[in-house]
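Participant: got a structure for you, letters missing:
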């Protein structure tokens, strides 16, 4: 039994962590923090947890957290995570960070897209926690940078094609849509009901912070620098990400060969589902689960391939992937605590 703490438990990702961890058979949740709800019972903050979890929220106290927990999930905003993670590591905790603070390997790139970094010496140690690509490194780590939701959906959609040089990465366009929970739980005008309901818009064009993270992972897969056009959109739904990725083929290939490529590439990956012939992913069919559904079409007329992936931004795009990373880190069966059937309708 491993003792875990969730720092930043009152956001959507924090709640999703609690929802998954409370049913994990090898986890005891010993500490939860929330700056906004200090001394309040978590079931008061999230009534969905009534009679399931009775812990009270506390302020962030690194010494107390380290005394109570072996593994700490930090579900804090960017910049806030780096203020506590070095001290947690120094006290012997393993850390899985859901912010962007340790995802980018190059401190100059991080500071260009975010803000000054207070512990750049940890960037080289932090393991990018995308299990389907970096499982071996995750297993021996003490600091995992949990990937962003958009980068997860894009990397899983494109990894087999880049690894086997099926596409010309110079032609890549990534078009993604996210549910409103991707904006977090804080009150923002752009994510209010009247702003989102019955609307559909692009945002962060040519400037979204997930762009360098996407490019970093795709560059590793391609073995050379990759630059992409990435455009996110806001969907009028609570959760889910649908990414549609377009690229020119390097050589002629048929759809059966592409399906075999994807099937073989993800053969041992329990949470990646390759869609049957003729079907494409839908965010409705992965809701609440840690699955990533992937489908594809070849446009013979333009000699381009279109790959579509769907994930739940709060599960495979955040908390579920974090629990998956913890399982790998601790040597647990990878699917334990995550064997959840998607909720539909």
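Facilitator: On my side now, so go ahead. Source: prediction; values computed, not measured. Numbers count the residues shown, from 1 in each chain.

Participant: What's the biggest helix in this structure, counting residues?
Facilitator: helix 149-163 (DSSP state H).

Participant: right, and the helix or strand after it?
Facilitator: strand 167-178 (DSSP states H and E).

Participant: Tell me which other helices or strands that next one touches.
Facilitator: helix 149-163, helix 211-222, strand 229-234, strand 241-249 (3 or more CB pairs under 8 Å, 6 or more residues apart in numbering; DSSP states H and E). For glycine as for every other residue, the C-beta is placed from the backbone atoms N, C-alpha and C.

Participant: Name the stretch among the ones you listed that sits most buried.
Facilitator: Stretch with highest mean neighbour count among the helices and strands packed on strand 167-178: helix 149-163 (a mean of 26; mean count of other CB atoms under 10 Å).

Participant: angle of that one against helix 211-222?
Facilitator: 20 degrees (axes from the mean of the first three to the mean of the last three CA atoms, to 10 degrees).

Participant: Run through the residues that contact the residue nearest to residue 158 when sequence neighbours are not counted.
Facilitator: The spatially closest residue to residue 158, leaving aside those adjacent along the chain, is residue 245, at 5.7 Å (CB to CB, 6 or more residues apart in numbering). With contact set as CB atoms under 8 Å, 6 or more residues apart in numbering, residue 245 has these partners: 154, 157, 158, 172, 173, 174, 175, 306, 307, 308, 309.

Participant: sorry, back to before: give me the distance from the longest helix of the chain to the chain's centre.
Facilitator: 12 Å (CA atoms, centre = their mean, to the nearest Å).

Participant: tell me the angle it makes with strand 167-178.
Facilitator: 160 degrees.

Participant: what's the angle from helix 149-163 to strand 241-249?
Facilitator: Going by the same axes, to 10 degrees, helix 149-163 makes 30 degrees with strand 241-249.

Participant: Tell me the helices and strands packed up against helix 149-163.
Facilitator: Applying 3+ CB pairs under 8 Å, 6+ apart, we find helix 149-163 packed against helix 131-139, strand 167-178, helix 211-222, strand 229-234, strand 241-249, helix 255-265, strand 292-299, strand 304-311.

Participant: Take those and write them to JSON lines, including distance to residue 83 and mean pLDDT.
Facilitator: Listed next are these as JSON lines, based on distance: least, CB to CB, whole Å; pLDDT from 0 to 100:
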{"stretch": "helix 131-139", "distance to residue 83": "24", "mean pLDDT": "98"}
{"stretch": "strand 167-178", "distance to residue 83": "27", "mean pLDDT": "98"}
{"stretch": "helix 211-222", "distance to residue 83": "21", "mean pLDDT": "98"}
{"stretch": "strand 229-234", "distance to residue 83": "27", "mean pLDDT": "97"}
{"stretch": "strand 241-249", "distance to residue 83": "28", "mean pLDDT": "98"}
{"stretch": "helix 255-265", "distance to residue 83": "38", "mean pLDDT": "97"}
{"stretch": "strand 292-299", "distance to residue 83": "32", "mean pLDDT": "98"}
{"stretch": "strand 304-311", "distance to residue 83": "29", "mean pLDDT": "98"}
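
Participant: Distance to residue 30 added to these, as TSV?
Facilitator: Shown next, in TSV, are the helices and strands packed on helix 149-163 (distance: least, CB to CB, whole Å):
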stretch	distance to residue 30
helix 131-139	23
strand 167-178	32
helix 211-222	31
strand 229-234	36
strand 241-249	31
helix 255-265	38
strand 292-299	31
strand 304-311	29
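
Participant: Figure out which of these is closest to residue 51.
Facilitator: Of all the helices and strands packed on helix 149-163, it is strand 304-311 that lies closest to residue 51, at 30.0 Å by CB to CB.

Participant: who does that closest one pair up with?
Facilitator: strand 241-249 (antiparallel), strand 292-299 (antiparallel) (DSSP bridges).

Participant: So which bits of it are buried?
Facilitator: Of the residues in strand 304-311, 304, 305, 306, 307, 308, 309, 310, 311 count as buried by neighbour count, 16 or more other CB atoms under 10 Å.
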